[in-house]
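> here is a sequence with its predicted model. Questions after.
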Amino acid sequence: MVSLILVSVWQFFPFVLLAVLARLQSIPTELYDAARVDGAGPVARFVFVTLPQLASVLFITILLRSIWMFTKFDTVWLMTQGGGAERYIRTMPVYAYLRTFNYYEAGMGAAVAIVMFLMLVAAAATYFFLFRGEDQL
């Protein structure tokens, strides 16, 4: 299971890195200069200048990463098949696939997929509700 987590971290690391780096490079240097003139130290500049500027990018990357990880199928399927642990490591996408194509229960597979969709919609709605006051989103 640890190797599964490590594979998923390295698989999407470039996306998160590029998104955050692009936003960091677009923060105006005048904000840091103004904070420095006001007497803010490095930690205060990070907390009061950098983090608020990164909020929208972090919000979107966390939302996308959680959706992508929740619907992860290929890595889980490839790492558990044939290793003897396939009965014990079943994510919802793998379970929906098995119900549909191994057990020939298309209705049950579709029901699992709909439950997954509703869970993702609820999570996205919660995210957007919590951050509805953000002007940059």
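Right, received. Where do you want to start?

> low pLDDT regions in the protein?
For the chain, the stretches with pLDDT under 70 are 1-9, 82-83, 133-137.

> residue at max distance from the center of it?
What lies farthest from the middle of the chain is Val37; by Cα atoms, centre = their mean that is 36.6 Å.

> gap between that one and Leu31?
From Val37 across to Leu31, the span is 11 Å (Cβ to Cβ, to the nearest Å). For glycine as for every other residue, the C-beta is placed from the backbone atoms N, C-alpha and C.

> before we move on, what about Gln25?
Between Gln25 and Leu31 the distance is 13 Å, computed by Cβ to Cβ.

> the more surrounded of the two?
Neighbour totals were compared for Gln25 and Leu31, and Leu31 leads with 15 against 7 (other Cβ atoms under 10 Å).

> next up, the contacts around that one.
By Cβ atoms under 8 Å, 6 or more residues apart in numbering, the contact list for Leu31 reads Val49, Gln53.

> that one: which element?
In the assignment (DSSP states H and E), Leu31 maps to helix 29-37.

> can I see the domain layout of the chain?
1-60, 71-137 (automatic domain parsing).

> mind checking the end-to-end distance for stretch 88-98?
13 Å (Cα to Cα, to the nearest Å).

> buried residues of that stretch, list them for me.
Of all the residues in stretch 88-98, those buried under the rule 16 or more other Cβ atoms under 10 Å are Thr91, Met92, Pro93, Val94, Ala96, Tyr97, Leu98.

> try stretch 29-41
Neighbour-count burial for stretch 29-41 flags Ala35, Ala40 (criterion: 16+ other Cβ under 10 Å).

> distance check, the spatially most central residue of the chain against Lys72.
In the chain, the residue lying closest to the centroid (Cα atoms, centre = their mean) is Arg65, at 1.7 Å. According to Cβ to Cβ, Arg65 stands 10 Å off from Lys72.

> for Val115, give me its contacts.
Met92.

> how far away is it from Pro14?
Between Val115 and Pro14 the computed distance is 31 Å (Cβ to Cβ).

> nice, that's everything, thank you.
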